[in-house]
Each structure stands twice: as C-alpha cells, then as structure tokens.
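Undergrad: Need coordinates for the following:
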Amino acid sequence: MVGYVVADKPEMKVKEYELYCSYYCGVCKSIGRRHGLLPRMILSYDSAFLAVLLSSLKEEEEKIIRQHCPVHPVKKKNICVDNGAVDYAADVMIILAYHKLADDIKDENSIKARAMKLMFESTYRTLEEKYPDLCAVAESELESLGRMEKEKCGSVDMTSDSFAEIMKAVFTGYPEVNRSETVKKILGSIGFHLGKWMYLIDALDDIDENIKDGNYNPLIYRFGYDSGKESAEEFKKRILPHTEFLLFHYLGEMSKAYDLLEIKKNRGLVDNIIYFGLNRKTEQITGKGKKEDERSL
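TA: As a prediction, this is how the structure comes out:
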C-alpha cells in the first residue's frame, strides 16, 4: 500500500472528513501503542481506507477520543480507538512495509532499507505468527514478482496479478469477516482489483524515474520504450490510452463488487473514496485532473 488510496476532500461533508482523519490517526496511534514509535513512519492513507471499509460492515458506533500526538503536540486530534479494523489495518501496514524494505534491499542494496528492516524484524515476526496466511501470500507473490522482474516481463497483467493477490489476502484476512464466505468473496474482489489498480498507477507514476535509473517497470517492456526513437514524454503519451483504459476498468470492477456489500455505517465516507478519490487520483496521475493539493488529501 503506497499512498494512492485517498478521499476527495472537496466532495466530503465536514463530519465525514473529521471521521476519516480519526481513522487515520487511530491507525497511527494503534501502531505506536502496540508496536512502538518507529513503525509509525510508514503510515499512509491507504490504511485509513482499509480500516473504514472493514469497520463499515459492523453497526457499532466508533469510539472517538481526543489526544495529542507527536506531529500535532499543541492541538488535540480526534482518534478512533478500541476498533478491531483499525488495529488490523495498522498490522497490515507493518507487514507490507517490511516486505517493501526487503524488496528495496534486493533491487537497490539500500543500506537505509537494511537498517530499517532490521528494526522491523521483531515486530514482523510477531505479526507473522498472528497472520501466517497473509504473510505467506505476501512472501510467495513478491517472490514470484521478483522472478518476473528479473526476466524483464512485459505482461502488465501477470505482474499486477501478484500484487493483486496480496491485496486480496489483505482484504479477506480480517478475522471478523471470515465467518461469512459471501462477504469474504466480495472483499476479495475489491482487494484484487484495487491491487491491480495500485500496481499499474504506481508503474505509470514512476515511469520517468525508472527510465532514468533503469529500474524495472512493466510498462517499459510492455510497450517497448526505445530512447533512440522517442522521448519519455512521447512514450507516456503513446501508452496513455491503453493504460488509462485498464486503470478505469479495474476501478469499475472494484465498484461492482463494492455495490454488493451491505454497508451498515459511514457509506458516504466509503463512497467518497471509491467513487471520487480513486477516480480523482487516476486523473491526477494520467495528467487529466487538477493537482493533488487542489482536490484530494
């Protein structure tokens, strides 16, 4: 989860925005309370969406308290506490961050990533015992993705499938929904197609950087970039129609699955992220929308 899943703030009601922030701060506080201060640096709004969506499947009202935090030491913030979905989202962030650090070590031999991974090691091993299936899927799929990267795989569908399977495991791994196979299947479809979208939009967003540094990007091999024949801008313009079609296709499939869920609370907030935030982010990355600071969080 890399920070692309955000709400569209101008389309939110004030109370929805405050609740959204309380979930985000709740995930941060949950990480700090149960795993220490260091892992809080990997926090992103993706985790808030996961927590909000999973929490929306239960009728219980949120417990909100006001507390200070290191980032806002003067003004107290609304914090969502005693929430199983928030704690699960916090754990997921650490699991995915650990594997991202491992990937950075493998790809770039990053000294910084090695140091951080070492500091995350004990926490990750604890979570591995708690969520063995999720951790096994993440390890297996990232290993598969690593092999495809070494082979310079030009299939965006195959490479994005690996990350999609991880997100499917994330969205179905919350213990409190495992009792319902129907809900689990729907959440799996949401997670899978969101994962496809996240992988592809990240590839599109990073394409300039990857052309310069030579790091693997499936779009470069799928569409055959040749620096002797076209500039990076010309290449992006050439691949945009196909890439944009796939991005909105994944969001469409995700929305179809979401429509099948019985949302018991906070529908306006979840709708905002799925129908407005993700579309707005797609428009921003493809260059067809307003700048991020004008439209979204």
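Undergrad: make it CA atoms for all contacts and neighbour counts henceforth
TA: OK.
Undergrad: Strands along the protein, start to end?
TA: Read by DSSP state E, the chain holds these strands, from start to end of the chain: 63-67, 77-81.
Undergrad: Count the residues that sit near residue 175.
TA: Here the neighbour count serves as a burial measure; for residue 175 (other Cα atoms under 10 Å) it reads 11.
Undergrad: where does the stretch 151-297 of the chain dip in pLDDT?
TA: In the prediction, the stretch 151-297 of the chain carries residues with pLDDT under 70 at positions 178, 288-297.
Undergrad: can you pull out the helices in it?
TA: When secondary structure is read from DSSP state H, counting those that start in this stretch, the stretch 151-297 of the chain shows helices at 156-172, 181-205, 207-213, 218-222, 232-258, 267-271, 278-285, 292-295.
Undergrad: Give me the residues contacting the first one.
TA: For helix 156-172, contacts defined as Cα atoms under 8 Å, 6 or more residues apart in numbering pick out 50, 92, 134, 137-138, 141-142, 144-145, 148, 153, 178, 184-185, 187-196, 199-200, 218-219, 222.
Undergrad: separation between residue 155 and residue 224?
TA: Look at residue 155 and residue 224: by Cα to Cα, to the nearest Å, they are 12 Å apart.
Undergrad: With neighbour numbers in mind, choose between those two.
TA: Relative neighbour count places residue 155 above the other of residue 155 and residue 224, with 15 against 12, counting by other Cα under 10 Å.
Undergrad: Send me stretch 143-157 as PDB with only the CA atoms.
TA: Extracted in PDB, the C-alpha atoms of stretch 143-157 (Å, rounded to 0.1, in the frame of the first residue of the first chain):
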ATOM      1  CA  GLU A 143       9.000 -13.800  -4.800                       C
ATOM      2  CA  SER A 144       7.000 -14.500  -8.000                       C
ATOM      3  CA  LEU A 145       7.000 -10.800  -8.900                       C
ATOM      4  CA  GLY A 146      10.800 -10.700  -8.300                       C
ATOM      5  CA  ARG A 147      11.300 -13.500 -10.800                       C
ATOM      6  CA  MET A 148       9.200 -11.700 -13.400                       C
ATOM      7  CA  GLU A 149      11.200  -8.500 -12.800                       C
ATOM      8  CA  LYS A 150      14.500 -10.300 -13.400                       C
ATOM      9  CA  GLU A 151      13.100 -11.800 -16.600                       C
ATOM     10  CA  LYS A 152      12.000  -8.300 -17.700                       C
ATOM     11  CA  CYS A 153       8.400  -9.500 -18.000                       C
ATOM     12  CA  GLY A 154       6.400  -7.300 -20.400                       C
ATOM     13  CA  SER A 155       3.000  -8.500 -19.200                       C
ATOM     14  CA  VAL A 156       1.300  -5.900 -17.000                       C
ATOM     15  CA  ASP A 157      -1.500  -8.400 -16.300                       C
END
